Every structure is written in structure tokens, then in C-alpha cells.
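A.B. asks: for reference, the sequence and a predicted model appear below.
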Amino acid sequence: MCRDEIIEEEKVEICTYGIQITIANLINFVIAFGIGLITGSLTKIALFYTIFVSLRFFCGGYHAKSYSRCFFLFAGTCLFYLAMLNGILIYIGNTFWLFIVAVILLGICILLKAPIEHTNRPFTVEERKRFRKRSIQLFLLWSVIGIISWIWQIEDLFVGLICVFLITSIYMLVERGRKYEEENA
């Protein structure tokens, strides 16, 4: 691309990172789709993928140190989501209070930490403001959708939101813990 003067020499690193992230996101999509097909939970995984990726993109959180670890972690997260979703649906009758706990936990994480930067992609001041605003907006949107799904008794969506809120909170808390350990090492 440099040879053909499509991009400038100074932009090679940025373009390389962009291509790597695009490929990694496509692989994660294929992983989620594959798990959905294998488990017969394509709709549930599509729901998870939509909510999780939208929140995670703007909130940030834990990042694995290599792409292979990232892919395994994401596959594990998808399977954990399905296990959590099925476990909550089977064993908990009144999930509204669990929803409230998940909303409060994620809300606190977002207000105190979002956006959490990836070490390979630091934010400018303007990006940080924009990502923080978007993470709050998405959190509020998904929370309202959660309340509506509870009122209309759309259990898969309602419990799916609880699971994704808890998983996103865990990713944000783990990343903060790792950064805290690195800062104090």
C-alpha cells in the first residue's frame, strides 16, 4: 500500500493495527457463530454478541496478551454466557433483583472506569470523552431495554442482559486489578 502510494509511510503502523483488529473481530464473530451453531443457541449467542460487543467497544476492559489467548478467552466467555444464561433461567424464579444488582455493578464500573484503554491503542482526550459518553448512553439504552423486556416477559433478552452486564463488569474489574498490580509492582 505504501509502494502504491495508497497510504503514507507514517500511517503504516496505524493501518496494520486496524487490519489486525478487523481480522480479530471477524474471528471472534466466527467463534461466536460457531458456538451458537454447535450448541443450538444461535439466537442467544447473537443476542450476547450484539450487547457484549457494543458495551465492550466503548467501555473497554481486560485484554489478553496475544490474539490466540484472546480467541480462547472469547470462546470461553461465550460458553460461560450460555451456562450462566441457562443456569439463571432454570434456578432463579425472580430475576428482577439480580438485574438491579447487575445494573448497579456495571453502572459503577462505567462511571468510575470507562473507557479503559487498550495499551496498544491509547485515547486522545477527545476520544476518551466520546467513548465515555457512548458507554454511558449504551448502558442506559440496554438498561431501559432490560426493563421493557422484564415488563413484556421476554426472558431470554432480560436474563441475557443480566449475564452480559455481569460479564462486562468482570472484564472491567479484572483489567483495573491488573493495571493496579502493574502500577504497584
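C.D. replies: Yes, it's here.

A.B. asks: now the helices for this protein?
C.D. replies: 12-39, 42-59, 67-91, 96-113, 125-151, 155-184 (DSSP state H).

A.B. asks: mean neighbour count added to those helices, as a markdown table?
C.D. replies: The way it works is simple: take the backbone N, C-alpha and C, and place the C-beta from them, glycine included. Formatted as a markdown table, the helices of the chain follow (neighbours: other CB atoms under 10 Å):
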| stretch | mean neighbour count |
| --- | --- |
| helix 12-39 | 14 |
| helix 42-59 | 20 |
| helix 67-91 | 15 |
| helix 96-113 | 17 |
| helix 125-151 | 15 |
| helix 155-184 | 18 |
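
A.B. asks: JSON lines for the ones you listed, including mean pLDDT and distance to D4?
C.D. replies: Formatted as JSON lines, these follow (pLDDT from 0 to 100; distance: least, CB to CB, whole Å):
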{"stretch": "helix 12-39", "mean pLDDT": "89", "distance to D4": "13"}
{"stretch": "helix 42-59", "mean pLDDT": "94", "distance to D4": "31"}
{"stretch": "helix 67-91", "mean pLDDT": "87", "distance to D4": "27"}
{"stretch": "helix 96-113", "mean pLDDT": "94", "distance to D4": "42"}
{"stretch": "helix 125-151", "mean pLDDT": "96", "distance to D4": "29"}
{"stretch": "helix 155-184", "mean pLDDT": "80", "distance to D4": "39"}
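
A.B. asks: to T119, which of those lies closest?
C.D. replies: Distance to T119, taken as CB to CB, is lowest for helix 155-184 among the helices of the chain, at 9.3 Å.
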